[in-house]
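> would you be able to build a 3D model of this:
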Amino acid sequence: MIITVTMNPSIDISYPLETLKLDTVNRVVNTSKTAGGKGLNVTRVVHELSGQVLATGLLGGHHGAFIQTQLDQEGIAHDFSAIAGETRNSIAILHDNGHQTEILEAGPNVSEIELAQFEEKFDLLLKQANLVTLSGSLAKGIPTTYYSHLIAKAYEQGVKVLLDTSGASLKASLESPTKPFLIKPNTEEIFDLVGQTLSLEDLPNFKAVLSSDLFAGVEWIVVSLGSKGAFVKHHNRFYQVTIPKIAVVNPVGSGDSTIAGLAYAIDQGKNDEEILQYAMVCGMLNAQEAKTGHINVENLPALKAQIVVKEV
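Model prediction:
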């Protein structure tokens, strides 16, 4: 089973506008409200791939109840730990021909007691897990080293961890003695980590950076390159992944869907090429849909066949 962890979930609200006008009223006709946060987007896509998945993390208040109800309606298994604070909203305004403006609430403040209660649940869930995904930001009150703590717990149980976070949390996990099995930084996040921009035009430097001590012990490094695909290190092998052009409807959640594809394919024992194809195709399929963290699996085979994975 794949366990997805969302420590700062949200109700993801999407507002599509032809033009975003400042200092005036913007009226939205088609609004979507989705049980969200990065980890729940991962959950939904794994579920749509027919993978065995269970969502956990922290939920509180009326917003938390809304999320649990929506997951129940979709038939998605979940076992969250309750907190006193209200789960947040995350607003994405899609406007002006492909532009995206996000308004993200910080989320509730989590107490030490609430974290301890979650950890008791997490320890029990690890006993039935093959793989864990840790996604997104940490709510207030949770230390930046907390993902490292969860990774160590999973490692003790022989459970692989796919980590999708950024900033101090990502850096702390890379500096920890126990490393995540996989990370999926984008180019901006790589720049924050190593202090330089990486380019496919300078493959020797790209390889050297991903082979540096900072990433030692991380089995998979999947660097997202947006429309250019991805550059990947698995053990001592490097892959360049190219993807076809698509018509983008809603890019929100595509990175999470990429993690879902990775988690599903790794859990299914796929080879490197198929793991990376599933990763990219799920990200693209999400971008073709209006709903955040959702794919149309009927379109998967044809699009997956157009993804090229080349060892370099």
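> residue contacts, the residue lying closest to residue 84 once chain neighbours are set aside?
Counting by CB to CB, 6 or more residues apart in numbering, the nearest residue to residue 84 once its immediate chain neighbours are dropped is residue 60, at 6.0 Å. Just so you know, the C-beta spots here come from the backbone N, C-alpha and C atoms, and that holds for glycine as well. Taking CB atoms under 8 Å, 6 or more residues apart in numbering as the criterion, residue 60 is in contact with 82, 83, 84, 85, 86, 87, 108.
> helices along the stretch 201-312 of the chain, start to end?
For the stretch 201-312 of the chain, applying DSSP state H, counting those that start in this stretch gives helices covering 203-210, 254-267, 272-287, 300-304.
> next, format the ones you listed as CSV and append mean neighbour count, mean pLDDT and distance to residue 164.
Listed next are these as CSV, based on neighbours: other CB atoms under 10 Å; pLDDT from 0 to 100; distance: least, CB to CB, whole Å:
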stretch, mean neighbour count, mean pLDDT, distance to residue 164
helix 203-210, 15, 94, 17
helix 254-267, 27, 97, 5
helix 272-287, 24, 97, 11
helix 300-304, 15, 97, 21
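> what's the closest of those helices to residue 29?
Closest approach to residue 29 among the helices of the stretch 201-312 of the chain (CB to CB): helix 272-287, 21.3 Å.
> if we can go back for a sec, how about the helices of the stretch 201-312 of the chain in a markdown table, adding distance to residue 190?
Shown next, in a markdown table, are the helices of the stretch 201-312 of the chain (distance: least, CB to CB, whole Å):
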| stretch | distance to residue 190 |
| --- | --- |
| helix 203-210 | 8 |
| helix 254-267 | 14 |
| helix 272-287 | 17 |
| helix 300-304 | 26 |
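> picking up where we left off before, quick one: pLDDT of the residue nearest to residue 84?
The score at residue 60 is 98. That number is its pLDDT.
> again with residue 178
Taking residue 178 on its own, its pLDDT is 96.
> helix or strand for the residue nearest to it when sequence neighbours are not counted, which one?
If you skip the residues right next to it in sequence, residue 178 has residue 152 as its closest partner in space, 4.4 Å away by CB to CB, 6+ apart. Taking DSSP states H and E as the criterion, the element that holds residue 152 is helix 146-156.
> after that helix, next one along is what?
Per DSSP H and E, the first helix or strand lying C-terminal to helix 146-156 is strand 160-164.
> tell me what angle whichever helix or strand comes after that next one forms with helix 146-156.
Counting by DSSP H and E, the next helix or strand C-terminal to strand 160-164 is helix 167-175. Using axes from the mean of the first three to the mean of the last three CA atoms, to 10 degrees, the inter-axis angle of helix 167-175 relative to helix 146-156 is 30 degrees.
> between helix 167-175 and strand 160-164, how many degrees?
Using the same axes, to 10 degrees, helix 167-175 lies at 150 degrees relative to strand 160-164.
> picking that back up, any idea how far the residue nearest to residue 84 lies from residue 107?
Here the distance between residue 60 and residue 107 works out to 10 Å (CB to CB, to the nearest Å).
> with residue 279 instead?
27 Å.
> could you find the closest non-adjacent residue to residue 32?
Distances taken as CB to CB, 6+ apart put residue 14 closest to residue 32, at 4.6 Å, once the chain neighbours are dropped.
> got the contact list for the one you found?
Counting by CB under 8 Å, 6+ apart, the residues that residue 14 touches are 31, 32, 34, 91, 92, 94, 250, 252, 290, 292.
> what pairs with the spatially closest residue to residue 182 that is not a sequence neighbour across the strands?
With CB to CB, 6+ apart as the criterion, residue 182 has its nearest non-adjacent residue at 3.7 Å, and that residue is residue 220. Legend: beta-bridge partners of residue 220 under DSSP bridges are residue 182, residue 234.
> I figured residue 220 hits residue 164, correct?
No: using CB atoms under 8 Å as the test, residue 220 is too far from residue 164 to be in contact (11.7 Å).
> tell me the spacing between the residue nearest to the spatial centre of the chain and residue 262.
Centrality entry for the chain: nearest residue to the mean C-alpha point is residue 256, 3.3 Å, by CA atoms, centre = their mean. Distance of residue 256 to residue 262, computed by CB to CB: 11 Å.
> mind listing what the helix-or-strand element of the chain with minimal mean pLDDT pairs with, with the direction of each?
Within the chain, judged by mean pLDDT, DSSP states H and E, the helix or strand with the poorest mean is strand 32-36; its value is a mean of 87. Listed by DSSP bridges, the sheet partners of strand 32-36 and their directions read strand 10-16 (antiparallel).
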